[in-house]
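Chemist: 3D model of this:
(2 chains)
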Amino acid sequence: MMARIVGGYFTSHVPGIGGAIVRGDQDTPYWKPFFDGFPPIRQWLAAEKPDVAVVFSNDHGLNFFLDKMPTFAVGAAPSYDNADEGWGLPVYKSFAGHPALSWHLIDSLVRDEFDITTCQTMLVDHAVSIPFELAWPDAPSWPIKLVPISINTVQYPLPSPKRCLALGRAVHRALQTWSGAERILICGTGGLSHQLDGPRAGFMNPEYDLFCLDNLAANPEALTNHTPEQVAQLAGTQGVEILNWIAARGAMGEGRCRQVSRNYHIPISNTAAATVLLQPA
Amino acid sequence: MPEDTEPSDTALRKAIPLFDGDLATRGYALNAMCFSFNEEANRMAFLADEEAYCARFHLTAEQRKAVADRDVLAMLEAGGNVYYLAKLAGIFGLGVQDLGALQTGMSVDAFKAMLAGWASHVPHKENA
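Modeler: Sure thing, here's the model as predicted:
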């Protein structure tokens, strides 16, 4: 039996979600509309039982400093730890890696002319841990292995939306030639519109967010007509995390996708939050 | 810039502003110090002797003043990146809404109300 992509799980990864979980605020009026997006995803995961997640996210100054900042980095570690990020989140559970699949992706991506960075040690921050906490809230250990792919959304020049979609599609081609029998979950984390810095702090753009959500499944190319700078202008300086979603959509392949669930809510913390589950049609 | 001209990416980087090579170069020492705050011992060392800790990282005079003044906009101007500055803000117990209020001149409550107000901009009221 060949490996199969069972679906794509996309969600915001705002650190404040972690605080809400610690405090048990999931059912408060402020948080409930966001957490209401997850029961359908948990049910779907329980039924589909993926074995490994390929997660596209961005580091927030835990693993990478500005001394060395890869545009695209692929983890190839046997395990991945979270660590103290400096501002009070709990340290999250470690992840089991899948080095053989990581090296298959790395080999295929470089042959496919994506000159990625490889990481045999890599800390993963809230951008990976919080989506897992949301998906498997009561798990004593993560029920699924991890292959993390980090996209630079911190220091310009950023990779273009077009390039991120192409990276994702190259990951899809790599997964199609993997000889294992795993059930693979694709994840894209971050966004949607938000801006933390500068006089425009607090900016959001529901119109652009809904444009992204409306096109993610059926026409992801529509998201690639902007430069990264234009995305920052539209989505806010941290809204460029939509690049992770675009790459993840690419990793689901060029075929049609069906939207299983979708949730959009403003605001959580400083962010317009969204959660989407797609399945190959 | 004429209104009928599409702003170039470079112009957008200056206008928004975006954290590019120029800012990354200018802000390196400040961001290096903030990166060190991933470790609790370093946060404690900063609190115990801020002057000495900043000196250890060779902050520029502009960066040192911005930190001393707790002036977030000045830290950004000095090349600070918000992902790293958030770790410094955490030492002072400030979250992203506090940072937003400091940068926009609003009270924290007014800033939070502004954030909530974006919900009314959702075109077809989906879940907002």
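
Chemist: what's the helix or strand harbouring residue A:41 in contact with?
Modeler: Following DSSP states H and E, one finds residue A:41 within helix A:39-48. Residues outside helix A:39-48 that contact it (CB atoms under 8 Å, 6 or more residues apart in numbering or on different chains) are A:6-7, A:9, A:134-137, A:183, A:185, A:260-261, A:275, A:277. Placement of C-beta: from N, CA and C, glycine included.

Chemist: How about the secondary structure of residue A:243?
Modeler: Put simply, residue A:243 is helix when judged by DSSP: H, G, I helix; E, B strand; the rest coil.

Chemist: Now name the helix or strand holding the residue nearest to it when sequence neighbours are not counted.
Modeler: Leaving aside its sequence neighbours, residue A:243 sits nearest to residue A:164 (CB to CB, 6 or more residues apart in numbering or on different chains; 4.7 Å). Following DSSP H and E, one finds residue A:164 within helix A:161-176.

Chemist: try residue A:214
Modeler: Per DSSP H and E: helix A:206-216 holds residue A:214.

Chemist: I'd like the distance between residue A:267 and residue A:206.
Modeler: 10 Å (CB to CB, to the nearest Å).

Chemist: meant to ask about residue B:44, not that
Modeler: From residue B:44 over to residue A:206 (counting by CB to CB), the distance is 42 Å.

Chemist: between those two, who's got more neighbours?
Modeler: Ranked by neighbour count (other CB atoms under 10 Å in any protein chain shown), residue B:44 and residue A:206 place residue A:206 first, with 22 against 11.

Chemist: got the contact list for that one?
Modeler: Residue A:206 makes contacts with A:193, A:266, A:272, B:118-119, B:121-123, B:128, as judged by CB under 8 Å, 6+ apart.

Chemist: try 6 Å this time
Modeler: By CB atoms under 6 Å, 6 or more residues apart in numbering or on different chains, the contact list for residue A:206 reads B:121-122.

Chemist: Residues of chain B that sit close to chain A?
Modeler: Residues of chain B lying near chain A by CB under 6 Å from any CB of the partner chain: B:9, B:12, B:16, B:18-20, B:24, B:31, B:35, B:37-38, B:76, B:82-84, B:86-87, B:90, B:96, B:100, B:103-104, B:114-116, B:118-119, B:121-122, B:126-128.

Chemist: Let me know how buried the nearest residue to residue A:126 once chain neighbours are set aside is, in neighbour terms.
Modeler: Leaving out its chain neighbours, the residue that sits closest to residue A:126 by CB to CB, 6+ apart is residue A:15, at 5.1 Å. Neighbour count for residue A:15, taken as other CB under 10 Å: 22.

Chemist: how much space between residue A:15 and residue A:114?
Modeler: As judged by CB to CB, residue A:15 and residue A:114 stand 30 Å apart.

Chemist: Can you tell me the SS state at whichever residue of chain A sits closest to chain B?
Modeler: Relative to chain B, the nearest point of chain A is residue A:87 (2.9 Å; CB to the nearest CB). Put simply, residue A:87 is coil when judged by three-state DSSP.

Chemist: Quick check: can you list the domain ranges of chain B?
Modeler: Per the record, chain B has its domains at B:9-94, B:95-128, by automatic domain parsing.

Chemist: what's around residue A:256, how many residues?
Modeler: Neighbour number of residue A:256 under other CB under 10 Å is 11.

Chemist: List the contacts of it.
Modeler: Neighbouring residues of residue A:256 by CB under 6 Å, 6+ apart: residue A:281.

Chemist: Spell out which residues of chain A are next to chain B.
Modeler: A:33, A:60-61, A:65-66, A:84, A:86-87, A:154-156, A:196-197, A:201-202, A:204, A:206, A:227, A:229, A:232-233, A:263-267, A:269-270.
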